[in-house]
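Enquirer: would you be able to build a 3D model of this:
(3 chains)
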Amino acid sequence: MMLPRRRVVLLAACSAIPCAGATPAQVGALIQALVGEAPLKDGLIHLDLPVMVENGNSVAMTVSVSDPPSPVEAIHVFAEGNPLPRVAVFHFGPRSGAPRVSTRIRLATSQTVIAIARLRDGSCWRDSVDLLVTLAACIE
Amino acid sequence: MKKAAPDLYPVMARLDRATGINTMERAMARSSRAMTIVRLILIPAALLLIGAGERRSGYDDASPDTRAMQDDDNANPAFLWVKQGESLWSVPSGTAGKSCASCHGDIATMHGVAAHYPKFDPKRDRPVTLEERINICRTDHMGAPAFAWDDDKLLSLSTLVGLQSRDMPMAVEPREPFLSQGAALFRERMGQLNLSCAQCHEDRAGLKLAGSLIPQGHPNGYPEYRLEWQGMGSLYRRLRNCMVGTRAEPFPPDSREAASLALFLAVRANGMRVETPAVRP
Amino acid sequence: MVRVLINVPKQIRANEPFDVKVLISHPMESGQRRDQMGQTIPRDIINSFSCTLDGEKVLNIEMFPAIAANPFLSFSAVAEKSGTLELKFTDDDGVTQTETVAITVS
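Expert: Prediction:
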């Protein structure tokens, strides 16, 4: 018969260990569906994420496109190692000042995060970051 | 009386060599008055051994992104609690029909208050934290029930009051016998893992525990937004964390042990800048 | 109604991009965590966010559980004249909350 506190600690540990549902193949398929026949090139878009993540619960992320040849319509962000592959989609409108958004995201484990920018001229641009995520030492 | 540890903790060992006094033997052999004198000299000396230059806030040990989160009031989630605190400050609560503002006026009157907590409360005959003090106001002056520990509204109020001391140096009274008791608890091995606070936060501060950098554990930013909690929490919540982490039974929130440990940690951080509301990993 | 903090610059110049910073109080329960009894805590997140300036679209965001708790958003807008910024967000229950902030263009 387990002590209640031990059970809490064990369960807390269970809840903290994530199940990586997404896979690189799944994200690849989503990107393929998004891009379609359009050319997908590296560059233009910049995905800013720390390589060493202090805590996966909250990771500062900035996506930005500098000097796009045509207006940026949307930026899609994917996480290959999260339970779910999608992180966010940013759709820019006529009153947007710049194709740049900062937010904070959750990352379940060490993985690659990928950002795809879709421009109005149909071109797609890609950037990715490989990062390390460790679990906290003491789980509450 | 606790049995003396077979090996002296590094700080006490250094002190004993420096002063030529074996504190363990003295504590057992002499009267309590002499013991108090010894403690009054040696405990502050022990605290000073960390050295003003050697002390590192959790801020100093955090990543640049985490520091940036704390530095920008528009990006620091704790300000969502500050906003709630500002609303609660003027809302009457309890049978007396009073709000915080009824007695304290504008929140600006709380300038510098949090920097002195934990503070000795004569009625309860022990130091109380700022959160406890807010609850004392509620039960003793407002006819309102005390908030549960780390209640969302309680944290909102203590964060708001703590913010009024931001950037001021901590200035907590080193009240005995609680300070010595807290110092002893800090060095006492606890739990199934048989670890003391000092073993991590003094002996191994700056080293890693499973990929996480071990901080010195100064409470100068509480209540703080902790990324691990995905929310706000008090120092008590953090101490509870650690005790559960060592598989120890956590001290109850209104216990003398919790109060003494909080007091010791605060005095140990005296002079350090209040960072409330801090952001920590 | 959840707590929201919105920051826009006090001085905004016409046709010059300015930053909008938003903090929303929301646990963004991912649907991955388990409670003390081992039951999955149901997903409960803000799934969409939109910002318009006098009715014109600035930014729409589709948000997923990977957005951290107490969402922070910082983005750029541009205005020709003074007006009203309207921020709307909707959670998984379909509840929409709208916040407005006046912007002053000098």
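Enquirer: chain A versus the nearest residue to B:S99 once chain neighbours are set aside, what's the distance?
Expert: If you skip the residues right next to it in sequence, B:S99 has B:P92 as its closest partner in space, 4.6 Å away by CB to CB, 6 or more residues apart in numbering or on different chains. Using the backbone N, CA and C atoms, a C-beta is placed for each residue, glycine as well. Taken as CB to the nearest CB, to the nearest Å, the spacing of B:P92 relative to chain A amounts to 34 Å.
Enquirer: now for B:P92: which residues touch it?
Expert: Contacts here follow CB atoms under 8 Å, 6 or more residues apart in numbering or on different chains; on that basis B:P92 touches B:K98, B:S99, B:S102.
Enquirer: how about B:H116?
Expert: B:H116 makes contact with B:A171, B:V172, B:E173 under the criterion CB under 8 Å, 6+ apart.
Enquirer: let me know the closest of these to A:P24.
Expert: Using CB to CB, the shortest approach to A:P24 within the contacts of B:H116 belongs to B:V172, at 52.5 Å.
Enquirer: tell me who's in contact with that closest one.
Expert: The neighbourhood of B:V172, defined by CB under 8 Å, 6+ apart, consists of B:A115, B:H116, B:Y117, B:P118, B:K119, B:L263, B:A266, B:V267, B:A269, B:N270.
Enquirer: C:L87 too?
Expert: If you count contacts by CB under 8 Å, 6+ apart, C:L87 has them with C:V4, C:I6, C:V22, C:F49, C:S50, C:C51, C:T98, C:E99, C:T100, C:V101.
Enquirer: test my guess that the second one contacts C:A102.
Expert: No - with contact taken as CB atoms under 8 Å, C:I6 and C:A102 are classed as non-touching, separated by 10.6 Å.
Enquirer: identify the contacts common to these two.
Expert: Taking CB under 8 Å, 6+ apart as the criterion, C:I6 and C:A102 both touch C:L85.
Enquirer: closest one to C:A14 out of the contacts of B:H116, please.
Expert: Using CB to CB, B:A171 comes nearest to C:A14 of the contacts of B:H116, at 49.2 Å.
Enquirer: just give the number of residues close to the closest residue to the closest one other than its chain neighbours.
Expert: In space, not counting the residues next to it along the chain, B:A171 is nearest to B:A115; the distance is 5.2 Å by CB to CB, 6+ apart. Counted by other CB atoms under 10 Å in any protein chain shown, the residues lying close to B:A115 total 22.
Enquirer: what's the neighbour count on B:P219?
Expert: Under the neighbour criterion other CB under 10 Å, B:P219 is assigned a count of 28.
Enquirer: that one should be in a helix, yeah?
Expert: No - counting by DSSP: H, G, I helix; E, B strand; the rest coil, B:P219 is not found in a helix; it is coil.
Enquirer: wait, it sits on B:M272?
Expert: No - the criterion here is CB under 8 Å, and B:P219 misses it with B:M272 at 9.3 Å.
Enquirer: which residues of chain B fall in strands?
Expert: Applying DSSP state E to chain B gives strands spanning B:119-121, B:126-128, B:208-209, B:212-213, B:224-226, B:231-233, B:279-280.
Enquirer: who touches the fourth one?
Expert: Meaning strand B:212-213. A:T134, A:A136, A:A137, B:D61, B:G206, B:L207, B:P281.
Enquirer: and the gap between the first one and chain B?
Expert: The span separating A:T134 from chain B equals 3 Å under the rule CB to the nearest CB.
Enquirer: leaving out sequence neighbours, find the closest residue to that residue.
Expert: Skipping the residues right next to it in sequence, A:T134 comes nearest to B:G211 by CB to CB, 6+ apart, at 3.5 Å.
Enquirer: number of nearby residues for that neighbour?
Expert: As a burial measure, the neighbour count of B:G211 was computed by other CB under 10 Å and equals 13.
Enquirer: give me the distance between it and C:A69.
Expert: Counting by CB to CB, to the nearest Å, the gap between B:G211 and C:A69 amounts to 22 Å.
Enquirer: doesn't C:E80 fall inside a strand?
Expert: No - the assignment for C:E80 is coil, going by three-state DSSP, so no strand is present there.
Enquirer: the residue nearest the centre of chain C bridge partners, please.
Expert: Compute the mean C-alpha point of chain C, and by CA atoms, centre = their mean the closest residue is C:F49, 5.2 Å away. Taking DSSP bridges, one finds C:I61, C:F89 as the beta-bridge partners of C:F49.
Enquirer: and the pLDDT at it?
Expert: pLDDT for C:F49: 98.
Enquirer: now residue 81: closest residue in space that isn't a chain neighbour?
Expert: By default, I'm working from chain A. Distances taken as CB to CB, 6+ apart put A:Q111 closest to A:G81, at 2.7 Å, once the chain neighbours are dropped.
Enquirer: look at chain C instead
Expert: Of all residues beyond its chain neighbours, the one nearest C:K81 is C:V105 (5.3 Å), with distances taken as CB to CB, 6+ apart.
Enquirer: what's opposite the one you found in the beta bridge?
Expert: On the basis of DSSP bridges, C:V105 is bridged to C:I12.
Enquirer: residue contacts, it?
Expert: By CB under 8 Å, 6+ apart, the neighbours of C:V105 are C:I12, C:R13, C:A14, C:A79, C:E80, C:K81, C:S82, C:G83.
Enquirer: enumerate the residues of the stretch 101-250 of chain B near chain C.
Expert: Within the stretch 101-250 of chain B, the positions lying close to chain C (CB under 8 Å from any CB of the partner chain) are B:Y225, B:Q230, B:G231.
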